[in-house]
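Chemist: the sequence and its predicted three-dimensional model are supplied below.
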Amino acid sequence: MTVWLFRAGKQGEFENKFLEDGRVYLTWDDLNINLKEITSKEDLYKRLIEHYDLDKEKTAINWASQIWPIAHAMEQGDLVVLPSKFNRTIHIGEVIGDYVYDESLGSPYYHYRNVNWIAKDIPRDRFDQDILYSLGAFMTVCKIHRNNAE
């Protein structure tokens, strides 16, 4: 089992949708590319450079490292941690579905995984400080592997 940090927008603007829909979305604007059709991170970052007309290869590499997991690394049974931007709480869910790409949902909801939210609004003070440091990462999506986070 792996623990994944997900963010629901810079100001938490997607948090309620995540919780109500029972999903985590990869809320990358205008990323209308089926990620299952991309076979390597290197191919992904090349597509991102083209798709977003990026000047900096490092930006594309950084983005690819956050985008890749939803389609290629996350597995059913993994845990998702969603820190709230509205209060000092954390939501925890279990991934219960495979990656879905659905263009009909519109940007930024093209990519998602179904999640069973097993605990919502857990106060942050219930977590060890080293885990809280991990949850402070500046990434939209990342793997939490600090001190046996599971």
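Modeler: That came through, no problem.
Chemist: ok, longest helix in the protein?
Modeler: Ranked by number of residues, the top helix in the chain under DSSP state H is helix 57-72.
Chemist: which other helices and strands does that helix contact?
Modeler: When contacts are defined as 3 or more CB pairs under 8 Å, 6 or more residues apart in numbering; DSSP states H and E, helix 57-72 packs onto helix 41-52, strand 111-123, strand 141-144. From N, CA and C alone the C-beta is placed, and that goes for glycine too.
Chemist: how far off centre is it?
Modeler: When C-alpha coordinates are averaged (CA atoms, centre = their mean, to the nearest Å), helix 57-72 and its chain have centres 11 Å apart.
Chemist: can you check stretch 107-115 too?
Modeler: 9 Å.
Chemist: average model confidence for that stretch?
Modeler: Computed over stretch 107-115, the mean pLDDT rounds to 98.
Chemist: got the helices and strands packed on helix 57-72 as CSV, with distance to Ser104 and mean neighbour count columns?
Modeler: Putting the helices and strands packed on helix 57-72 into CSV (distance: least, CB to CB, whole Å; neighbours: other CB atoms under 10 Å) gives the following:
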stretch, distance to Ser104, mean neighbour count
helix 41-52, 19, 16
strand 111-123, 12, 17
strand 141-144, 23, 19
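Chemist: mind putting these into a markdown table with distance to Leu135?
Modeler: Shown next, in a markdown table, are the helices and strands packed on helix 57-72 (distance: least, CB to CB, whole Å):
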| stretch | distance to Leu135 |
| --- | --- |
| helix 41-52 | 24 |
| strand 111-123 | 12 |
| strand 141-144 | 7 |
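Chemist: so which of the ones you listed comes closest to Val3?
Modeler: Of all these, strand 141-144 sits nearest to Val3, with 4.3 Å by CB to CB.
Chemist: which other helices and strands does the closest one contact?
Modeler: Counting by 3+ CB pairs under 8 Å, 6+ apart, strand 141-144 packs on strand 3-6, helix 57-72, helix 129-135.
Chemist: restrict the longest helix of the chain to CA atoms and write it as CSV.
Modeler: Below are the C-alpha coordinates for helix 57-72, written out as CSV (Å, rounded to 0.1, in the frame of the first residue of the first chain):
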residue,chain,number,x,y,z
GLU,A,57,12.1,21.3,-19.7
LYS,A,58,12.4,21.2,-15.9
THR,A,59,8.9,22.5,-15.5
ALA,A,60,7.6,19.6,-17.7
ILE,A,61,9.6,17.1,-15.8
ASN,A,62,8.2,18.4,-12.5
TRP,A,63,4.7,18.3,-13.8
ALA,A,64,5.1,14.8,-15.3
SER,A,65,6.2,13.5,-11.9
GLN,A,66,2.9,14.7,-10.4
ILE,A,67,0.7,13.7,-13.3
TRP,A,68,2.1,10.3,-14.0
PRO,A,69,0.9,8.6,-10.7
ILE,A,70,-2.9,8.9,-11.2
ALA,A,71,-2.7,6.7,-14.3
HIS,A,72,0.4,4.6,-13.8
